[in-house]
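Participant: I would like to see how this sequence folds:
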Amino acid sequence: MADDADLIIDLYQRRALLWDKERGRGLMEKNWLDRFIALLPSDRRVLDIGCGAGEPIGRYLLEAGCAVTGIDSAPAMINLARSRLQAGDWHVADMRTLTLGRRFDGLLAWDSFFHLRPDDQRAMLAVFVMHAAPWAALMFTSGPVAGLAIGAMHGEPLYHASLEPAEYRTLLATHGFTVVAHVAEDVSCGGHTVWLAQRA
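Facilitator: Numbering: from 1, shown residues only. Below you'll find the predicted structure:
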């Protein structure tokens, strides 16, 4: 029987238009995105993992001069991104099995990585490494402590999971990433818990 984690992709597929409307175009993430961009070289190849419909984050990255490749498991989200942001390179793909055969200067998994089960999150570090150029920046959001949190999207369960902060630090270090910044429940960013790291 499917559990809440198995329902994530279908939920975003069915609710893509409503999610996109409610997401709005405000950019509370701007300060973190600017810190992320500051770590990138001049050519700025960015992989947006769980890009959704491309706005506002994908658009901001493109306008900042990044060459953006976005992936999302929900075809409806990718269709929206392709329709509005032709400058980006948008693909339907599951981050857990991603093999693009290319490396990027920046990897971003904002409000997407935390929808994975804990073991899938652990396995994602190898996927990050596979797609990370030397000195690549990596930024993702998590929960503040280990555990599961079941939110809601239009009355349907929305799965989130997190590891302990110490385990994220260990996983990052083991896979060659140095933590540049970490803030738990950043009040200036809507309470997001953010990790910014760089491949050494």
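Participant: What are the neighbouring residues in contact with A197?
Facilitator: Each residue near A197 by Cβ atoms under 8 Å, 6 or more residues apart in numbering is listed here: 137-139, 172, 177-180. Every C-beta, even on glycine, is put in place using the N, C-alpha and C of the backbone.
Participant: I'd guess it is in a strand, am I close?
Facilitator: Yes: the assignment for A197 (DSSP: H, G, I helix; E, B strand; the rest coil) places it in a strand.
Participant: doesn't L163 make contact with P118?
Facilitator: Yes: using Cβ atoms under 8 Å, P118 is in contact with L163, at 5.9 Å.
Participant: Neighbour count for those two, which is higher?
Facilitator: Using other Cβ atoms under 10 Å, the more surrounded residue of P118 and L163 is L163, with 20 against 16.
Participant: what's the lengthiest helix in the chain packed up against?
Facilitator: Counting by DSSP state H, the longest helix found in the chain is helix 118-130. Where contact means 3 or more Cβ pairs under 8 Å, 6 or more residues apart in numbering; DSSP states H and E, helix 118-130 is packed against strand 156-162, helix 165-174.
Participant: mind checking which of those is nearest A200?
Facilitator: Closest approach to A200 among these is made by helix 165-174 (9.2 Å; Cβ to Cβ).
Participant: what's the distance between the following helix or strand past the closest one and the middle of its chain?
Facilitator: Remark: after helix 165-174, the chain's next helix or strand is strand 177-186, criterion DSSP states H and E. How far strand 177-186 lies from its chain's middle: 15 Å, per Cα atoms, centre = their mean, to the nearest Å.
Participant: what are the pairing partners of strand 177-186, and which direction each?
Facilitator: With DSSP bridges as the test, strand 177-186 is paired with strand 192-199 (antiparallel).
Participant: Give me the buried stretch members for stretch 86-102, please.
Facilitator: For stretch 86-102, burial by neighbour count (16 or more other Cβ atoms under 10 Å) applies to 88-90, 93, 95, 98.
Participant: again, but for stretch 49-69
Facilitator: 49-62, 66-69.
Participant: same check, this time on stretch 116-131
Facilitator: 116, 118, 121, 124-125, 127-129, 131.
Participant: can you list the residues that contact that stretch?
Facilitator: By Cβ under 8 Å, 6+ apart, stretch 116-131 touches 5, 47, 95-96, 98-100, 102-104, 107, 109, 113-114, 138, 146, 161-163, 171-172, 174-177, 199.
Participant: Those residues, buried ones only, as a ChimeraX selection?
Facilitator: If you want just the buried ones from the contacts of stretch 116-131 in ChimeraX, going by 16+ other Cβ under 10 Å, the selection is:
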select :5,47,95,98,103,104,107,109,113,114,138,161,162,163,171,172,175,176,177,199
